[in-house]
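**Q** Sequence plus the predicted model coming up.
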Amino acid sequence: MNKNKPKTAPETTQENLEEAISKITEQQENLAPIRHNGSAGFIPSTTTTTKPPSIGGRKVYLKLETHAPKPQPSQELKFGPNWKQSEEPKAAPDLASSEDKLNQAAAWFPNELAEIAQHIRKDAAEAAAEPTPEDEDAKRKAEAMQSAFETLKKNLIDPTKSATKPQAALEMNGKTCFTLGEIFVISGQAKARKSFLLSIFAAALAHREGRTLFGGTLKGDLPSDKCEILIIDTEQAEYHCARSLKRSQMLCNEADAKNIHYVHAAGKTPAELLQMIEAAAQLFPRLGVVIIDNAGDLMEAGENDEKEAAFIANGLNSLAQAHQLAVGLVVHNARTTGSGDLNGQLGSKLARKCAFHIVVSKVSKAATPTSTTEIKRCRWQDPEPFSFEILADDLGTPSWVPYIEPRSEAAVKREAELAEINQVRKAAGRGRPKLLDPSEYSEEMHHAAWRLVWSHPTAANAETLTKAQIIPILTNCWRKANKGENEFGEKRAEEFLSYAVGEGYAQQNTKGRYLKPTESEE
């Protein structure tokens, strides 16, 4: 049965009454006229119960209060409300027309037919009131259009009014990073010290009354009614969460440290985490910043589910704007690109929604555990990034160090692959390692080699060098800079020289001679 079939209104009153007359007439032979208290009615002529007629889908039961004998065929009957058998019976009227039948039926059963008419009118009203699927669909569309109209009208920019700049939440080197009502992202590869950078940000955000962190590098701008910071950690154990909280508090004074709150949420489901974030605004009335470490745990189906990723990103953005919160998310970098791109579909959606994205990476070959940062995106003016080292105390307190230019993950990966190839070739006794294209070597290797080239006595005492002069110097300095590895002859040296001119390690004047890039051409 089709449940969606619209309910059909009953037939008109006259048609239903005609149906009643038809069914009553069929039983006239088994019914006898009686007189009871001045009114007339029909009763069965025998004691056998007759099935009541069904009219308009309803069974009609007649109240029988007496019994009368079945009339003889020779008797002529007259029907009416005050019927009496006459001394000279007359023939019953011919109820040929529908109107006569209706009138006669109304005389026979005034109460029953009135009840039938009432039910017919009720059914017709219910059928008219019950909406069809088409009506409901049209109503939904109209409501959606009205809602869209109200939203559009509410958010329409008025060019006659000046826009108010939102309240800044954090400044870096004197420039705004993000404001209340915006999303910011901290990303990096595994073990890049993202949690340490999170502790630094939490301490800086907690600073008030113009106090700065890291020698003026970071400054919190949260107002007094939005000065609390909540960190929800879904990865670390409770012990490590407590250490992270103490690490942030160590960077603040006692008054500011009370504004930092930490939640151990490892093992919670995505639904529970989202409810915790929503409830945080009510639990902490002065809440200004919420940071989730790790954002991937908000996904039920995984970070590569595009539909769920869009739902989470849009939901967090709406939450930030509705409660005027700065919502921070810690996300892993994609392992394949090596360019600081965020991992998965969730990372892709957050990259479009966030106002500020900072990438943290390790500094290799440093004397102490050191990390540096890079600004991947800022909706405001790009601030200058910073670097930090981890002190050898019980908590591993971060400390500011002069900025170190980050090495791209792709360059680090190529350098490691090259070292592995060279080791395999040496172990196999195949002599000189295989050389890669000049662009496949890291910038550090090129910088180191060309610093030796320009400090070579021949280059230092001459304003310019010919190709014949610079080629042997380049091959020798490249070998020294790379500790005897990745050597090449004069033929390959020409390729490296051309690459150096294109990348700015060397310049070539109009006469085809070479000079340092800081010197002017002849």
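**A** Sure, I can see it.
**Q** and the longest strand seen in the chain, which strands flank it?
**A** Identified as the longest strand of the chain according to DSSP state E is strand 370-378. If you go by DSSP bridges, strand 370-378 pairs up with strand 356-362 (antiparallel), strand 387-390 (antiparallel).
**Q** which residues are contacting the shortest one?
**A** Counting by CB atoms under 8 Å, 6 or more residues apart in numbering, the neighbours of strand 387-390 from elsewhere in the structure are 193, 196-197, 200, 214, 363, 366, 368-373, 396-404. All C-beta atoms are positioned from the backbone trio N, CA, C, and that covers glycine.
**Q** ok now that strand, how far from the chain's centre?
**A** 34 Å (CA atoms, centre = their mean, to the nearest Å).
**Q** for that strand, what is the average pLDDT?
**A** Averaging pLDDT along strand 387-390 gives 94.
**Q** can you check the first one too?
**A** The pLDDT scores in strand 356-362 average 93.
**Q** Now do it: everything it contacts.
**A** Under the contact criterion CB under 8 Å, 6+ apart, strand 356-362 has outside partners 177-178, 182, 184-189, 191-194, 197, 333, 340, 342, 351, 369-380, 385, 406-407, 409.
**Q** Just the buried ones from these, in ChimeraX syntax?
**A** The buried subset of those, as determined by 16 or more other CB atoms under 10 Å, is captured in ChimeraX by this line:
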select :177,178,182,184,185,186,187,188,189,192,193,194,197,333,340,342,351,369,370,371,372,373,374,375,376,377,378,385,406,407,409
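**Q** Low-confidence stretches in the stretch 51-200 of the chain?
**A** Scanning the stretch 51-200 of the chain for pLDDT under 70 picks out 51-110, 112-113, 128.
**Q** how does it look with 80?
**A** 51-132 (pLDDT under 80).
**Q** As a check, name the ranges of all helices in it.
**A** Per DSSP state H, counting those that start in this stretch, the stretch 51-200 of the chain carries helices over the ranges 98-108, 110-129, 133-154, 194-206.
**Q** The ones you listed: which one's closest to residue 444?
**A** With respect to residue 444, and counting by CB to CB, the nearest of the helices of the stretch 51-200 of the chain is helix 194-206 at 23.4 Å.
**Q** How far off centre is that closest one?
**A** The answer for helix 194-206 is 25 Å, by CA atoms, centre = their mean.
**Q** again, but for stretch 266-285
**A** For stretch 266-285, the distance to the chain centre is 16 Å (CA atoms, centre = their mean).
**Q** what does that stretch rub up against?
**A** Outside stretch 266-285, the residues that reach it (CB under 8 Å, 6+ apart) are 228, 230, 232-238, 261, 263, 265, 287, 290, 292, 297-300, 315-316, 319, 323, 325.
**Q** Can you give me the buried ones in it?
**A** 268, 270, 273-274, 276-277, 280-281.
**Q** Any idea what the nearest residue to residue 169 once chain neighbours are set aside is bridged to?
**A** Leaving aside its chain neighbours, residue 169 sits nearest to residue 326 (4.3 Å; criterion: CB to CB, 6 or more residues apart in numbering). For residue 326, the beta-bridge partners are residue 289 (DSSP bridges).
**Q** wait, what's in contact with residue 326?
**A** Per CB under 8 Å, 6+ apart, neighbours of residue 326: 169-170, 178-184, 288-290, 320.
**Q** Which ones among those map onto strands?
**A** 169-170, 178-179, 183-184, 288-290.
**Q** can you list those residues in a markdown table and add distance to residue 512?
**A** Output for those, formatted as a markdown table (distance: CB to CB, whole Å):
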| residue | distance to residue 512 |
| --- | --- |
| 169 | 56 |
| 170 | 52 |
| 178 | 51 |
| 179 | 55 |
| 183 | 54 |
| 184 | 51 |
| 288 | 62 |
| 289 | 59 |
| 290 | 62 |
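**Q** hang on, the earlier thing: how about the buried residues of stretch 266-285 in CSV, adding pLDDT and distance to residue 204?
**A** Output for these, formatted as CSV (pLDDT from 0 to 100; distance: CB to CB, whole Å):
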residue, pLDDT, distance to residue 204
268, 92, 27
270, 90, 29
273, 91, 25
274, 89, 27
276, 91, 24
277, 88, 22
280, 88, 20
281, 80, 22
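**Q** thinking again about what came up before, deepest of the strands paired with strand 370-378, which one?
**A** Most buried of the strands paired with strand 370-378, by mean neighbour count (mean count of other CB atoms under 10 Å): strand 356-362, with a mean of 24.
**Q** how near is the residue nearest to residue 169 to residue 220?
**A** Note on residue 326: its distance to residue 220, by CB to CB, to the nearest Å, is 11 Å.
**Q** Now do the shared contacts for these two.
**A** Residues within reach of residue 326 and of residue 220 at once, by CB under 8 Å, 6+ apart, are 169-170.
**Q** Excluding chain neighbours, what is closest to residue 363?
**A** Distance criterion CB to CB, 6+ apart; nearest residue to residue 363, sequence neighbours excluded, is residue 370 at 4.2 Å.
**Q** shaky segments in the stretch 251-400 of the chain?
**A** 302-303, 335-340, 364-365.
**Q** Closest one of the buried residues of stretch 266-285 to residue 440?
**A** residue 270 (41.6 Å).
**Q** where does that closest one fall, phi/psi-wise?
**A** phi -60, psi -40 (degrees, to the nearest 10).
**Q** And for residue 219?
**A** Torsion angles, degrees, to the nearest 10, at residue 219: phi -150, psi 130.
**Q** I figured it hits residue 171, correct?
**A** Yes - between residue 219 and residue 171 there is a contact under CB atoms under 8 Å: 4.5 Å.
**Q** Can you give me the neighbour number for residue 476?
**A** 16 (other CB atoms under 10 Å).
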